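K.L.:
below are the sequence and a predicted model for it; my questions follow.
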Amino acid sequence: MKTKKSFIWLAFLILATIWILVRRNQQNDYNSITGFVFGTVYNITYQYKGDLSSEIEAELKRFDFSLSPFNDSSVISRVNRNEELVTDTFFQKCFNRSMEISRETKGAFDITVAPLANAWGFGFKKGAFPDSLMIDSLLQITGYDKVKLVDGKVIKDDPRMMLSCSAVAKGYSVDVVAHFLDSKGIKNYIVDIGGEVVVKGKNSQGGLWRVGINKPIDDSLSRQKDLQTILEITNAGLATSGNYRNYYYKDGKKYAHTIDPRTGYPVQHSILSSTVIAKDCMTADALATAFMVMGLEEAEKFCKADPNINAYFIYSGKDGKFETYFTEGMKKYIKEIK
């Protein structure tokens, strides 16, 4: 009897040791890389036996060569200079999805906002502080219905029109890296580029990926990391847009980088931060921006009309205190409230 108990105990120890070693090996298979791209930091963690950093960097460079307005040789820069060219796949996919979301949001999201963003000092070209006459003039060359893609070529109603995908390209770049990891058969990863995220599978501890939403405290240097809440998600894209990082003051008034393409002016709504979870990060990125443009009432109405949208808004309530609104579908992701 004693021998039998000893055998059972030994078998238990062997199985436990094997389990610990397997878990340790699984955790050790997770690789993390950090870098700088598109003016921001990226952090990517994936489970794979091998270093993919050089291939990921090459993919990001290809993407930059397509959609960065700060790269004079990029496809979008050449489009803005009205050069004759057939655009690449990155540009075409971004353009087509942007047009779809522009129609869905009735112009709250619009990649033709570039001249207005430049005029207010938030674009790829710095402009002087615009007056009402300049805004009216720029609105004449703004509007997603004034540009189209025909056989890969951009056709503008007015050659002065310019495009900027800054409100969607970062999210799209996250999707691009995620698709690359998928092509390698990788089942568990997180791709984070400047706070825009795609997650798949599980983390190294075997749990869901945890992503924090920052409190929208004015912080132009991005040093403030206080969290409003923590989400647990997998197999989805997440993006946050806010007016607490990119802004300036003039004559005592705050001007933030979110420009309403319909009015030509920086938004002055109560929403301080908009977070969206969607099937892909490009969609999440575009909708997060659109909700910042809409304002709380219009954004709530938009979300209620589509139960598939998962959104979390932080807005300024009474006495300037942070208040939150989140959709019914968002509740399942919220695991910790600060």
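P.N.:
Okay, I see it.

K.L.:
alpha carbons only for contacts and neighbour counts from here, please
P.N.:
Fine.

K.L.:
which stretches of the stretch 1-150 of the chain form helices?
P.N.:
2-28, 53-67, 75-80, 89-104, 114-119, 132-139 (DSSP state H, counting those that start in this stretch).

K.L.:
can you give me the strands for the stretch 101-250 of the chain?
P.N.:
147-150, 153-156, 189-193, 196-200, 209-214, 227-233, 236-242, 247-250 (DSSP state E, counting those that start in this stretch).

K.L.:
quick one: closest of the ones you listed to F291.
P.N.:
The minimum distance between F291 and the strands of the stretch 101-250 of the chain falls on strand 236-242, with 8.7 Å, by CA to CA.

K.L.:
for that closest one, name the packing helices and strands.
P.N.:
strand 196-200, strand 271-278, helix 281-294 (3 or more CA pairs under 8 Å, 6 or more residues apart in numbering; DSSP states H and E).

K.L.:
who are the packing partners of the first one?
P.N.:
Contact partners of strand 196-200 among helices and strands, from 3+ CA pairs under 8 Å, 6+ apart: helix 169-183, strand 189-193, strand 236-242, helix 281-294.

K.L.:
go on, the longest one?
P.N.:
Secondary structure elements in contact with helix 281-294, counted by 3+ CA pairs under 8 Å, 6+ apart, are helix 89-104, helix 169-183, strand 196-200, strand 236-242, strand 271-278, helix 296-305.

K.L.:
can we see that at 10 Å?
P.N.:
Using 3 or more CA pairs under 10 Å, 6 or more residues apart in numbering; DSSP states H and E as the contact test, the elements touching helix 281-294 are helix 89-104, helix 169-183, strand 196-200, strand 236-242, strand 271-278, helix 296-305, strand 310-316.

K.L.:
so which of the ones you listed comes closest to K254?
P.N.:
strand 271-278 (12.7 Å).

K.L.:
just the buried residues of the closest one, please?
P.N.:
I271, L272, S273, S274, T275, V276, I277, A278 (16 or more other CA atoms under 10 Å).

K.L.:
turn these into TSV, columns for distance to P115 and pLDDT.
P.N.:
Formatted as TSV, the buried residues of strand 271-278 follow (distance: CA to CA, whole Å; pLDDT from 0 to 100):
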residue	distance to P115	pLDDT
I271	24	93
L272	24	94
S273	24	94
S274	24	97
T275	26	97
V276	26	98
I277	29	97
A278	29	96
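
K.L.:
burial of K318, as a residue count?
P.N.:
K318 has 8 neighbours, counted by other CA atoms under 10 Å.
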